[in-house]
Structure formats: C-alpha cells, structure tokens
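Asks: 3D, please:
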Amino acid sequence: MIKILFICHGNICRSTMAEMVFKHLVRQAGLTSEFYIDSAATSREELGNGVHYGTKRKLAEVGIPCSDHRATQVTKADYDKYDYLIIMDDRNRRELKWIIKDDPEQKIHMLLDFAGRQGEGIADPWYTGNFDITYDDVLEGCEGLLEYLTEHKM
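Replies: Okay, the predicted model is just below:
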C-alpha cells in the first residue's frame, strides 16, 4: 500500500482539494485498495475547521465527492507513517522542515513536480480567491502523481 499525505498551510483549501481529487482518480482507476490518502496542515490556524466553501464548490462543480474532512496538523511521526509527503509550495516546505526537521528518505515532493513543472507552487486560493486555477493545477499534479506511481511503484 502506498501512503500519501497532501500538505498545505491550513488544510482547508489546497491539500484537501488534492486529497479529494487524488482519491477520485484512484477510485476511477480501480486502485482504491492500493492507496492510503490523507491531508494535513503545517500550521495550527485552521485546526478542526472543515473544508473551505470554495473548495467544496469547485469539487461539486466537477463532480468530485468531498468528505467531511477536518483540518489537522502534520506531525513528526507522519514522516515514518507516509511514503510521500506532497506539498503545494515552498512555504509548505519550510514549515514542514520545522516540524519533521530532515528528509533523509526524500519523501517530500512538490505536487506540480509530477506534472513536469519542477519547483512550481500551487497558488493558495485563500488569498487569490481563484479556486478554478488551483483546481486545474491540483488536477494536473494529481494525474501526474498517479501516472508516476502506477508506472514506477506498482
């Protein structure tokens, strides 16, 4: 089983969107039993809060189910629990490094790296208000991640 944790700053917009999109893609591919997928925040700002209404709206618009996820914070123990820690931008990388300290197994990856867009971050719709662009980037990254994993890890 491949264990993936999607990570952003608050765990109410981008990482939850990536979690739901990736779960949907995995379900469509008939690979649900091959994956454990979750999401978390680097900050404590939104802990316990539900998925942002903009994320819910966009996912509903494209027909992707959205669970009743509540924001949680990534922990140092998550490094050992997950195979991939998928971040949305460089700020997430800095904040995650404060929590886990080191990445000796090279588990931390930017989502868009899997779409051939190395080092490119996904804009936070909390600030931009543009959930459409965020969704397009998340979808592209998730499709690339699934393709990479099915070709190289399964």
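Asks: From now on I want contacts and neighbour counts done on CA atoms only, so please keep to that.
Replies: Fine.
Asks: I would like the residues contacting the top helix by length along the chain, please.
Replies: Secondary structure assigned by DSSP state H gives helix 131-152 as the longest helix of the chain. Helix 131-152 has contacts (C-alpha atoms under 8 Å, 6 or more residues apart in numbering) with 14, 17-18, 21-22, 25-26, 54-55, 58, 111-115, 122-125.
Asks: Then stretch 46-60?
Replies: Applying C-alpha under 8 Å, 6+ apart, the contact partners of stretch 46-60 are 10-14, 16-17, 65-66, 68-73, 131-132, 135.
Asks: residue ranges with poor pLDDT in this structure?
Replies: 154 (pLDDT under 70).
Asks: one more time with 50
Replies: The model of the chain has no residue with pLDDT under 50.
Asks: quick one on the thing from earlier: now which of the contacts of stretch 46-60 would you call buried?
Replies: Buried by 16 or more other C-alpha atoms under 10 Å: 10-14, 16-17, 66, 69-73, 131, 135, out of these.
Asks: Confirm Lys3 sits in a strand?
Replies: Yes - judged by DSSP: H, G, I helix; E, B strand; the rest coil, Lys3 forms part of a strand.
Asks: quick one, strands of this protein?
Replies: Taking DSSP state E, the strands of the chain run over residues 2-8, 35-41, 84-87, 108-110.
Asks: got the contact list for the second one?
Replies: Going back to what we said before, that points to strand 35-41. 1-11, 15-16, 19, 22-23, 26, 71-74.
Asks: mind running it again at 7 Å?
Replies: Contacting residues not belonging to strand 35-41 are listed as 1-11, 15-16, 19, 23, 71-74 [C-alpha atoms under 7 Å, 6 or more residues apart in numbering].
Asks: buried set for that strand?
Replies: Result for strand 35-41 [16+ other C-alpha under 10 Å]: buried residues 37-41.
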